[in-house]
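what would the 3D arrangement of this be:
(4 chains)
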Protein chains: 2
Amino acid sequence: MPTLHETSMPLRHAAHCSTCALRPGCMPQGLSANDTEKLEAVIVNARTIKRGETLFRIGDTFDTLYAIRSGSIKTAVSSANGREHVMGLHLGGDTLGLEGFDEGRHACRAVALEDSSVCVIPYAPFERACRETSAIQRRLLQLLSHEVVRKSTQTLILGTLRADERVAALLLDISSRLTHRGYAGNEFNLRLTREDMGSFLGITLETVSRTLSRFQAKGLLLADGKLIHILDFDGLRAI
Amino acid sequence: MPTLHETSMPLRHAAHCSTCALRPGCMPQGLSANDTEKLEAVIVNARTIKRGETLFRIGDTFDTLYAIRSGSIKTAVSSANGREHVMGLHLGGDTLGLEGFDEGRHACRAVALEDSSVCVIPYAPFERACRETSAIQRRLLQLLSHEVVRKSTQTLILGTLRADERVAALLLDISSRLTHRGYAGNEFNLRLTREDMGSFLGITLETVSRTLSRFQAKGLLLADGKLIHILDFDGLRAI
DNA sequence: CGTCACCTTGATTCCGCTCAAGTGTGGTGG
DNA sequence: CCACCACACTTGAGCGGAATCAAGGTGACG
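Model (predicted):
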């Protein structure tokens, strides 16, 4: 298992887009060779975006889905007072843009946290493929439903946990997602700033910083800026 | 416009289930008479549940969608410490159960807040209808996407607002949804207990109670137990 | 008519915010 | 190549908003 300092490293087995967001490992129903072929015909090309660049903005017409091949991307909205609020952290293998179905326009903006590459999936032919192939349709519905469940989890975190529990939950979630993708989950480069983390967790950047320092003092992890090394998983879970 | 004390009043124009969750007013693309016929063939029957009864539980096999015809239903999960956390408040016209796609099992429990009636939509034939009719498929995707957006809004509320702002946001949201459904939005019977409201908003029941009292003292609303009468919308929005 | 669930209000405590100061560190231009 | 600057991060002090603990009050229902 490779150690991960650079999340921009391409995914293991990620030779093609269809093996990213829609790769067999993530698809319970499984796609036949024929279905996979149909799916690949829909995906036009890859696109790279540099750190800080925007993939789509709030209000942009929804006509494209994105699957992250490598790198990491944050989604954010502007809250009432005009301040940015981070809504999601998306890693390689995640699908982006699903919220756009609702109004036909994107409801958040997506910004690359590091140089990243994504698969561009024009929606119209994809929708057609869904109607032709029930496995693809189920996969899409599952992706959307999974998004609902993830948002619910985040809502639960913000509604019930204290600051240190929120930070622990974020670190364990990222760790678990990296592990699930074949990376080492105990050491990773978290590209979010302390302010982004705080915004995502509903706490201030100072509280994030203090909490990480306290975790380090307790021997739960090593935090050197954005580089996180988890030492005691059970300790983190017990927070 | 009818005044609403009893949210269990049947929806205006709600002669049939298809006019609930899937009624033309909510469907930008519109369904032809033929499509509507296909859709109605899928919906088996209505079901009534009494206050406090459970529509589905966490872990139940996902094989059914529900559309609320009348009444109101809360969805909830159990958080880490075993305490219940309210995740959603659903009124007439809302669709329930969409989160079940992800794992094939329901991720939350749905409990009636008052005597209610729902349309029962077996999922398997519904999925088939989606593949045959693109308008129905789009409607389903839109429902799911809308759920994602709603969850995001709730996440934003829990992540950025103070206690009084959260209470105001909840009241304005309910008011707006009732108005959109053809009811008076200024006076309604909120079936959630103070504890449910607090759980939903990530605050304690005491804070909810105090906040409502303060709002009343300011002349923003009248709160007589569960009966809420909003007097000053702009004042509430300005909180 | 007693019980129970729900609601209100008060007193006190404490977690996390705000304000503030100081320390790297990477990027830029002279 | 180095000085400078902007940005991100850390840490401290003090304050305030919401939680907690506690004590009634009210209404529904058997």
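
tell me if stretch A:116-131 is near chain B.
Yes. Against chain B, stretch A:116-131 shows contacts by CB under 8 Å from any CB of the partner chain at A:Glu127, A:Cys130, A:Arg131. Using the backbone N, CA and C atoms, a C-beta is placed for each residue, glycine as well.

hmm, I was thinking of stretch A:60-77
Yes. Counting by CB under 8 Å from any CB, chain B is contacted by stretch A:60-77 at A:Val77.

same question for that stretch, mean pLDDT?
Averaged across stretch A:60-77, the pLDDT comes to 94.

go on, stretch A:199-212?
What stretch A:199-212 shows for mean pLDDT is 97.

pull out the buried positions in that stretch.
Residues A:Ser199, A:Phe200, A:Leu201, A:Gly202, A:Ile203, A:Thr207, A:Val208, A:Arg210, A:Thr211, A:Leu212 are the ones in stretch A:199-212 that count as buried (16 or more other CB atoms under 10 Å in any protein chain shown).

how about stretch A:162-180?
A:163-172, A:174-175, A:177-178.

list the contacts of stretch A:220-237.
A:5, A:168, A:171-172, A:175, A:185-192, A:212-213, A:215-216, A:218-219 (CB atoms under 8 Å, 6 or more residues apart in numbering or on different chains).

distance from that stretch to the middle of the chain?
20 Å (CA atoms, centre = their mean, to the nearest Å).

what's the span of that stretch from first residue to last?
End-to-end distance of stretch A:220-237: 10 Å, with CA to CA, to the nearest Å as the criterion.

got the buried residues for that stretch?
A:Leu220, A:Leu221, A:Ala223, A:Ile228, A:Ile230, A:Phe233, A:Leu236.

and the second one, bridged to which residues?
Beta-bridge partners recorded for A:Leu221 (DSSP bridges): A:Ile230.

gap between it and A:Leu171?
7 Å (CB to CB, to the nearest Å).

how much space separates the residue nearest to the spatial centre of chain A from B:Phe188?
By CA atoms, centre = their mean, the mean C-alpha position of chain A lies nearest to A:His90, the distance being 1.6 Å. From A:His90 across to B:Phe188, the span is 38 Å (CB to CB).

cool, A:Glu127 as well?
Following CB to CB, the distance that separates A:Glu127 from B:Phe188 is 38 Å.

returning to that earlier point: ok, of the contacts of stretch A:220-237, which come out buried?
Buried subset of these (neighbour count, 16+ other CB under 10 Å): A:168, A:171-172, A:175, A:185-192, A:212, A:215-216.

if I pick the residue nearest to the centre of chain A, what's in contact with it?
Applying CB under 8 Å, 6+ apart, the residues near A:His90 are A:Ile68, A:Ser72, A:Ile73, A:Lys74, A:Thr75, A:Leu96, A:Ala110.

quick check: phi and psi on it?
phi -120, psi 130 (degrees, to the nearest 10).

returning to that earlier point: which of the residues of stretch A:116-131 next to chain B sits closest to B:Tyr123?
Here the nearest of the residues of stretch A:116-131 next to chain B to B:Tyr123, counting by CB to CB, is A:Cys130; it sits at 16.0 Å.

report the contact partners of the closest one.
A:Ile136, A:Gln137, A:Leu140, B:Arg131, B:Gln137.

what angle do helix A:134-160 and whichever helix or strand the last one is part of make with each other?
By that I understand B:Gln137. In the assignment (DSSP states H and E), B:Gln137 maps to helix B:134-160. Between helix B:134-160 and helix A:134-160, the angle comes out at 20 degrees (axes from the mean of the first three to the mean of the last three CA atoms, to 10 degrees).

helix B:134-160 packs against which elements?
Here helix B:134-160 touches strand A:84-91, helix A:123-132, helix A:134-160, helix A:194-201, helix B:33-42, helix B:123-132, helix B:163-180, going by 3 or more CB pairs under 8 Å, 6 or more residues apart in numbering or on different chains; DSSP states H and E.

hmm, it touching DNA strand C?
No. Using CB under 7 Å from any atom of the strand, helix B:134-160 never reaches DNA strand C; the gap is at least 9.4 Å.

if we can go back for a sec, mind putting the buried residues of stretch A:199-212 into CSV with distance to B:Gly159?
CSV is the format used below for the buried residues of stretch A:199-212 (distance: CB to CB, whole Å):
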residue, distance to B:Gly159
A:Ser199, 7
A:Phe200, 8
A:Leu201, 8
A:Gly202, 4
A:Ile203, 9
A:Thr207, 13
A:Val208, 13
A:Arg210, 19
A:Thr211, 16
A:Leu212, 19
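
just give me the closest of these to A:Gly100.
A:Phe200 (20.6 Å).

how about the closest one, nearest residue that isn't a chain neighbour?
A:Val86 (4.1 Å; CB to CB, 6 or more residues apart in numbering or on different chains).

can you check A:Gly88 too?
A:Thr75 (4.2 Å).

how about the helix or strand harbouring that neighbour: buried residues?
A:Thr75 is part of strand A:72-78, with elements assigned from DSSP H and E. Neighbour-count burial for strand A:72-78 flags A:Ser72, A:Ile73, A:Lys74, A:Thr75, A:Ala76, A:Val77 (criterion: 16+ other CB under 10 Å).

quick one: strands adjacent to it?
strand A:84-91 (antiparallel), strand A:109-112 (antiparallel).

relative to the whole chain's centre, how far out is the shortest one?
Taking the mean of its C-alpha atoms, strand A:109-112 sits 11 Å from the chain's own mean (CA atoms, centre = their mean).

please apply the same query to stretch A:180-187.
Worked out by CA atoms, centre = their mean, stretch A:180-187 lies 14 Å from the chain centre.

tabulate the CA atom coordinates of that stretch in PDB.
C-alpha atoms of stretch A:180-187 as PDB (Å, rounded to 0.1, in the frame of the first residue of the first chain):
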ATOM      1  CA  HIS A 180     -11.200   2.500   0.700                       C
ATOM      2  CA  ARG A 181      -9.400   3.900  -2.400                       C
ATOM      3  CA  GLY A 182      -6.300   1.900  -1.700                       C
ATOM      4  CA  TYR A 183      -4.200   4.500   0.000                       C
ATOM      5  CA  ALA A 184      -2.700   4.500   3.400                       C
ATOM      6  CA  GLY A 185      -5.200   6.100   5.700                       C
ATOM      7  CA  ASN A 186      -2.900   7.000   8.500                       C
ATOM      8  CA  GLU A 187      -0.800   9.600   6.800                       C
END
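
before we move on, back to that, got a winner among the contacts of A:Cys130 for most neighbours?
A:Ile136 (24 neighbours; other CB atoms under 10 Å in any protein chain shown).

so that one touches A:Arg128, yeah?
No. Applying CB atoms under 8 Å as the test, A:Ile136 and A:Arg128 come out as separate, 9.9 Å apart.

so where's chain A shaky on pLDDT?
A:1-44 (pLDDT under 70).

make it 90
A:1-46, A:79-83, A:99, A:101-103, A:123-142, A:145 (pLDDT under 90).

near DNA strand C, which residues of it?
A:Arg162, A:Ala163, A:Asp164, A:Gly202, A:Ile203, A:Thr204, A:Glu206, A:Thr207.

near DNA strand D too, which of these?
Applying CB under 7 Å from any atom of the strand to the residues of chain A next to DNA strand C, those adjacent to DNA strand D are A:Glu206.

re earlier: please look at the residue nearest to A:Gly88 and A:Leu113 and confirm they touch.
No. Contact criterion CB under 8 Å: A:Thr75 and A:Leu113 do not qualify, at 10.8 Å.

domains in chain A, by residue range?
Domain assignment of chain A by automatic domain parsing yields the ranges A:11-138, A:161-237.
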